[in-house]
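just coords:
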């Protein structure tokens, strides 16, 4: 889904917009409608910010539906306009699991205070890392496109992720133009066990 969004969304869509689009795409029903509870938006730190919604509407990727009545649980509803998202695998139940995993991944205590660009990049790195493997790599241009960053922003973002131990270490290989990264270092409490 991250690769689909990298292709479907214009480069000017912010990291907040991309995180919101990911949740919308993964939580949408078969007709492309999505309802996001207010608690989920608060957890994403997007409850009061309409800019990501505006960006996705300007990109003609979704259209917000009228606000629910006061008696209903507060949530935001939208209709996805890109029919491609409706044909994405896996099935809806698996997409909901992926949406929950993505939300937990960007809501980790070590990431909560970081900017959305950093949280999105941490999510992309985690999604592309295979459990049980050490170093993982990806083409730098694909990584920057998926994260909505430029090369300079990517460098600063990866450095911040290392500083909070969301990534163990990272390197850029100029010959292949690949970015490689290590998983986070184990904490001392895990080492004691």
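Yep, it's here. All values reported here derive from a predicted model rather than from experimental measurement.

could you point out the longest helix of the chain?
In the chain, with assignment by DSSP state H, the single longest helix is helix 92-106.

report the distance from it to the chain centre.
Here helix 92-106 is found 10 Å from its chain centre; the criterion is C-alpha atoms, centre = their mean, to the nearest Å.

give me the angle between whichever helix or strand comes after it and helix 92-106.
Later in the chain than helix 92-106, the nearest helix or strand by DSSP states H and E is helix 116-128. Here the directions of helix 116-128 and helix 92-106 differ by 130 degrees (axes from the mean of the first three to the mean of the last three C-alpha atoms, to 10 degrees).

which residues in the chain form helices?
Counting by DSSP H, one finds helices in the chain at the ranges 2-8, 15-27, 38-43, 51-58, 92-106, 116-128, 140-147, 151-163, 188-192.

now for the fourth one, which elements pack on it?
Judged by 3 or more C-beta pairs under 8 Å, 6 or more residues apart in numbering; DSSP states H and E, helix 51-58 is in contact with helix 15-27, strand 62-64, strand 75-80. (Glycine included, C-beta is placed from N, CA and C.)

now do the buried residues in it.
Residues of helix 51-58 classed as buried by neighbour count (16 or more other C-beta atoms under 10 Å): 52-53, 55-57.

possible to save the residues you listed as a markdown table with distance to residue 137 and pLDDT?
A markdown table is the format used below for these (distance: C-beta to C-beta, whole Å; pLDDT from 0 to 100):
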| residue | distance to residue 137 | pLDDT |
| --- | --- | --- |
| 52 | 30 | 92 |
| 53 | 34 | 92 |
| 55 | 30 | 95 |
| 56 | 30 | 95 |
| 57 | 35 | 95 |
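
from the residues you listed, pick the one nearest residue 161.
residue 52 (21.4 Å; C-beta to C-beta).

the closest one and residue 78: what is the separation?
11 Å (C-beta to C-beta, to the nearest Å).

what's the burial count for the residue lying closest to residue 59 once chain neighbours are set aside?
Distances taken as C-beta to C-beta, 6 or more residues apart in numbering put residue 10 closest to residue 59, at 5.4 Å, once the chain neighbours are dropped. Residue 10 has 12 neighbours, counted by other C-beta atoms under 10 Å.

from residue 79, how far off is residue 10?
Counting by C-beta to C-beta, the gap from residue 10 to residue 79 is 19 Å.

tell me how far the nearest residue to residue 119 once chain neighbours are set aside lies from residue 97.
Nearest residue to residue 119 in three dimensions, chain neighbours excluded: residue 106, at 4.2 Å (C-beta to C-beta, 6+ apart). Separation of residue 106 from residue 97 (C-beta to C-beta): 15 Å.

among these two, which residue is more densely surrounded?
Neighbours around residue 106 and residue 97, counted as other C-beta under 10 Å, are more numerous at residue 106. The numbers are 25 against 13.
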